[in-house]
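Participant: structure for the following, please:
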Amino acid sequence: MSNTDNLFAPRFSQKDVTIHKKERIFKSYFAMDRYEVSYNRFDGGRSAVVAREIFERDANAVAVLAYDKNTDEIALIEQFRPGALSDKETPWLIEIAAGMIDAGETPTQAAVREANEELNLALRQEDLIFVSEEYSSPGGISEKIFLYIAPADLSHLGAHGGLEDESEDIRIFRAKLEDAYENIKKGRIKNSVAMIAIMYMMLEKENILKFIK
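Facilitator: Model prediction:
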């Protein structure tokens, strides 16, 4: 193991945490669990028992950035987000296709399904390029997001997507990768997983293009 690898290696694991109590205190569209935990400290001691409320979705999520190498464009969506109601500009956020992993699905299966539901795109699991697993806000949310980039032909991209039975009203559009990146810097794109995907694509485009047939 190199010095750099050692620097980033985990100091603790799940065995260093004791869950003294776990209680579901709320369940509706989302859920909330209350934990009482103690854990090993970096100074060699042991923490006090602390209580924390954790926002639960009872599933992980996927996100996929569809990219057209022929035009250097990506597929984006815009939809209303109640979590952004306090945003000074608009609670309609620009995002990439994303959603929850259904029971029995793999992350790649979910990514293909969500791209079809939200973008009307038929992707293939074997074409997905894995980017990362990320926790959006692990101080209070348990959800982990699996992020992918997918080659796609966006020439026939529609204008509207989403499922009526999930109350989805989605505007679909395509944009140049560089224009999307500029809109991150301008503050128009502020959905975190979309920002990560776009910035990753900007940084790693040369390497990603090697994987796209």
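Participant: contacts, neighbours, all on C-alpha from now
Facilitator: Fine.
Participant: so who does I170 touch?
Facilitator: By C-alpha atoms under 8 Å, 6 or more residues apart in numbering, I170 lies in contact with I77, E78, Q79, E118, H160, G161, G162.
Participant: and for H160?
Facilitator: With contact taken as C-alpha under 8 Å, 6+ apart, H160 is in contact with L119, D169, I170, R171, I172.
Participant: for the first one, which non-adjacent residue is spatially closest?
Facilitator: Just to be clear, that refers to L119. Sequence neighbours aside, G161 is the residue nearest to L119 in space, at 5.7 Å (criterion: C-alpha to C-alpha, 6 or more residues apart in numbering).
Participant: for that neighbour, give me phi and psi.
Facilitator: Dihedral pair for G161: phi -150, psi -180, per degrees, to the nearest 10.
Participant: do Y39 as well
Facilitator: Residue torsions, per degrees, to the nearest 10, at Y39 are phi -150, psi 160.
Participant: isn't it right up against D16?
Facilitator: Yes: assessed by C-alpha atoms under 8 Å, Y39 is found in contact with D16 at 5.7 Å.
Participant: compare these two (neighbour count), which wins?
Facilitator: Between Y39 and D16, Y39 has the larger neighbour count (other C-alpha atoms under 10 Å), namely 19 against 12.
Participant: dump the longest helix out of those in the chain to CSV, restricted to CA.
Facilitator: Once the chain is assigned using DSSP state H, the helix that runs over the most residues is helix 192-211. Extracted in CSV, the C-alpha atoms of helix 192-211 (Å, rounded to 0.1, in the frame of the first residue of the first chain):
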residue,chain,number,x,y,z
SER,A,192,-25.6,18.0,-6.6
VAL,A,193,-25.6,14.8,-8.5
ALA,A,194,-26.1,16.7,-11.8
MET,A,195,-23.2,19.0,-10.9
ILE,A,196,-20.9,16.0,-10.1
ALA,A,197,-21.8,14.2,-13.3
ILE,A,198,-21.2,17.3,-15.5
MET,A,199,-18.0,18.3,-13.8
TYR,A,200,-16.7,14.7,-14.0
MET,A,201,-17.6,14.5,-17.7
MET,A,202,-15.7,17.8,-18.3
LEU,A,203,-12.6,16.5,-16.4
GLU,A,204,-12.6,12.9,-17.8
LYS,A,205,-14.1,13.3,-21.3
GLU,A,206,-11.0,12.2,-23.1
ASN,A,207,-10.8,9.0,-21.1
ILE,A,208,-14.6,8.4,-21.2
LEU,A,209,-14.6,8.7,-25.0
LYS,A,210,-12.2,5.7,-25.2
PHE,A,211,-15.0,3.6,-23.7
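Participant: check which residues of that helix are buried.
Facilitator: If you call a residue buried by 16 or more other C-alpha atoms under 10 Å, then helix 192-211 has these buried ones: V193, A194, M195, I196, A197, I198, M199, M201, I208.
Participant: before we move on, what about stretch 47-58?
Facilitator: For stretch 47-58, burial by neighbour count (16+ other C-alpha under 10 Å) applies to E53, I54, F55, E56, R57.
Participant: need those residues in JSON lines with pLDDT, can you?
Facilitator: Formatted as JSON lines, the buried residues of stretch 47-58 follow (pLDDT from 0 to 100):
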{"residue": "E53", "pLDDT": "97"}
{"residue": "I54", "pLDDT": "97"}
{"residue": "F55", "pLDDT": "96"}
{"residue": "E56", "pLDDT": "96"}
{"residue": "R57", "pLDDT": "91"}
